[in-house]
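K.L.:
Fold the stuff below for me.
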Amino acid sequence: MINRAAGSGTRVAFEQVVLKDGERSINAQEQDSNGTVKEIVKNTPGSISYISFAYLNDQVQPVKINGVAPVAKNVTTNKWPLWSYEHMYTQKKPTRVTEKFINYMQTKKVQQTLVEDANYINIHDMKVQRTADGKTSIKE
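P.N.:
Predicted structure coming up:
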């Protein structure tokens, strides 16, 4: 098992969704980078881990959770429950320019082009939402 580093949003999502009753990931090799994790899994027979969709290709084999395939249409409805949001942070109150950039990144134009071209899922396609503590609900 190759774990993402403690504090990684990907690891938090894995622990909230896949592990039950407050279980935590086992102590194993930890890596910060999706790319590094993919390379280790690709080159280590019998290894398993979790990476962002953007890093999937024919070098690693995705697995199903409860018989559900990891594809975008299953993420948008939470049938594939192992997903999380990308976050943007500022050190303090954002400047006007920073706010404009964040708003721009959330536009349908960016979400439907740059985000989808990078093999991530457009936030406007999500039919569910998730809180920081892992609670998922229908998006209003």
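K.L.:
right, and residue 51 touches residue 36 too?
P.N.:
No - contact criterion CB atoms under 8 Å: residue 51 and residue 36 do not qualify, at 9.6 Å. Glycine gets a C-beta too; all of them are placed from N, C-alpha and C.
K.L.:
Look at those two and report which has more neighbours.
P.N.:
Legend: neighbour count by other CB atoms under 10 Å for residue 51 and residue 36, higher for residue 51 (20 against 13).
K.L.:
Quick one: the helices in the chain, in order.
P.N.:
Using DSSP state H, the helices assigned to the chain run over residues 9-17, 34-43, 72-76, 96-105, 108-110, 116-117.
K.L.:
so which of the ones you listed comes closest to residue 61?
P.N.:
helix 34-43 (8.9 Å; CB to CB).
K.L.:
So for that closest one, what gets flagged as buried?
P.N.:
34, 37-41 (16 or more other CB atoms under 10 Å).
K.L.:
Check the spacing between residue 57 and residue 98 real quick.
P.N.:
According to CB to CB, to the nearest Å, residue 57 and residue 98 sit 33 Å apart.
K.L.:
how far away is the nearest residue to residue 88 once chain neighbours are set aside from residue 140?
P.N.:
Using CB to CB, 6 or more residues apart in numbering and skipping the chain neighbours, the partner closest in space to residue 88 is residue 102 (5.6 Å). Going from residue 102 to residue 140 by CB to CB gives 21 Å.
K.L.:
Before I go, just wanted to say thanks for your time.
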